[in-house]
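# sharing a sequence plus its predicted fold:
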Amino acid sequence: MTITVESLREPTQLGVRIVGRELLGRLREKSEHVGAEDQPDALHDFRVAVRRLRSWVRAFDDDLSATVRPKAQRRLKRIADATRASRDFEVHIDWLERFARSRKGRYREATEWLLDRTRDRKARADLELQEMLNENLERTTAQLTQGLSHYIVSVDEPSDTFAVALATLIREHAEAARRATARIASIGDRNEAHEARISAKRLRYLLEPLSDANVEAKPLVERLAKLQDDLGALHDAQIFGSEIAGLLAKELRSTRRSPGRTNRDDEGGAASAIDRADALRAISHRLHRDEVAGFKRLKESWLDANVDSLWRDAEAIADRLENRPRSSQKSNGVPG
């Protein structure tokens, strides 16, 4: 996924489609491995491919609207949304397995109950995702292939170069990320942190194809990925913590109603409701510690000092792109 020095001089309509087609090709490639038992990272890789393509199409919506149909974009959004549940359960399973190992047998039965429950939910989510892909993926990729294979040239409205269009979007995305990050003041600002993560991710996806374009984008991409990871770790702890809090409240209600009840009959396990409540309380405490540590890391690494340099670096890249020479040649289609 690369933008070359030469393609930066091309009309925006051409450049954006060349990158879009490469992103679409990667999505197709990654989709072939979703659900494969011998490829544990397949879902993550497919999810990233979907989101990179969707972010690119969203960013250049004005330049693509004449040929990329809104239905294709809506289907792409549905596919992206469908990957979320499976990915979240995957993260939760990994976290619970690490928690179980750290406890060395304590809460074993209750933790196994929660793991079995989460694995069942992931299996259902995986099935729903596969059904979604079977129904929508081929049609979506076909429509996107068609929309990205050609564009309309207006003699009266000459296009900016791809470099100029990218510079404009980089500034817009950097400003959106700056505003979102500036709104994070405390650990309770969950929505603000979530918005900042999405904004940083969109800016990163816009910059990633520039790694070979001689504008020194790679260091900024790597730093944005680290910011995104730190915000993502905080978000995961908060989301899973909220789910565990809900389960704990349910188990405490069960304990009050039937103090000696086990879940052997209703959910196939041997842990009592009291055992499960104790385990859920310990898990909730650990997740809260993760959340506090995640916010501390975010504050020290980014919010207190380092984050403003990201937006300055983005502005510098935009400046370098705008100073590129323009091509005197015009293209009227997307090559091969």
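Perfect, I can see it now. Residues are numbered from 1 along each chain as shown.
# what's the burial count for residue 85?
By the measure other C-beta atoms under 10 Å, the count of residues near residue 85 is 16. Every residue, glycine included, has its C-beta placed from N, CA and C.
# domain assignment for the protein?
1-149, 160-324 (automatic domain parsing).
# include mean pLDDT when you put these into JSON lines, please.
Output for the domains of the chain, formatted as JSON lines (pLDDT from 0 to 100):
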{"stretch": "domain 1-149", "mean pLDDT": "92"}
{"stretch": "domain 160-324", "mean pLDDT": "90"}
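# residue 284 and residue 79, how far apart?
Computed as C-beta to C-beta, to the nearest Å, the residue 284 to residue 79 distance reads 33 Å.
# neighbour count: these two, which is higher?
residue 79 (25 against 18).
# give the burial count for the closest residue to residue 291 other than its chain neighbours, as a bare number.
Once flanking residues are discounted, residue 291 sits nearest to residue 237: 4.2 Å by C-beta to C-beta, 6 or more residues apart in numbering. A count of nearby residues for residue 237, using other C-beta under 10 Å, gives 21.
# please apply the same query to residue 108.
Neighbour number of residue 108 under other C-beta under 10 Å is 14.
# likewise residue 300?
11.
# repeat that for residue 138.
12.
# look at residue 305 and give its secondary structure.
coil (DSSP: H, G, I helix; E, B strand; the rest coil).
# any idea how far it is from residue 224?
On the measure of C-beta to C-beta, residue 305 and residue 224 end up 16 Å apart.
# now residue 22
In terms of C-beta to C-beta, residue 22 sits 20 Å off from residue 224.
# can you check residue 240 too?
From residue 240 to residue 224 the distance is 24 Å (C-beta to C-beta).
# settle it for me: which of the two has more neighbours?
residue 224 (26 against 21).
# against which helices or strands is the one helix or strand that one maps to packed?
Assigned by DSSP states H and E, residue 224 belongs to helix 218-257. Judged by 3 or more C-beta pairs under 8 Å, 6 or more residues apart in numbering; DSSP states H and E, helix 218-257 is in contact with helix 70-103, helix 190-207, helix 273-298, helix 308-322.
# most packed of those?
Most buried of those by mean neighbour count (mean count of other C-beta atoms under 10 Å) is helix 190-207; its value is a mean of 22.
# residues near the closest residue in space to residue 27 that isn't next to it in sequence, how many?
Nearest non-adjacent residue to residue 27, counting by C-beta to C-beta, 6+ apart: residue 49, 4.3 Å away. Counted by other C-beta under 10 Å, the residues lying close to residue 49 total 21.
# for residue 49, what are its contacts?
Residue 49 makes contacts with 23, 26, 27, 29, 30, 31, as judged by C-beta atoms under 8 Å, 6 or more residues apart in numbering.
# give me phi/psi at it?
For residue 49, the backbone dihedrals (degrees, to the nearest 10) come out as phi -60, psi -40.
# now swap in residue 150 and tell me
Residue 150 adopts backbone torsions of phi -160, psi 170, taken as degrees, to the nearest 10.
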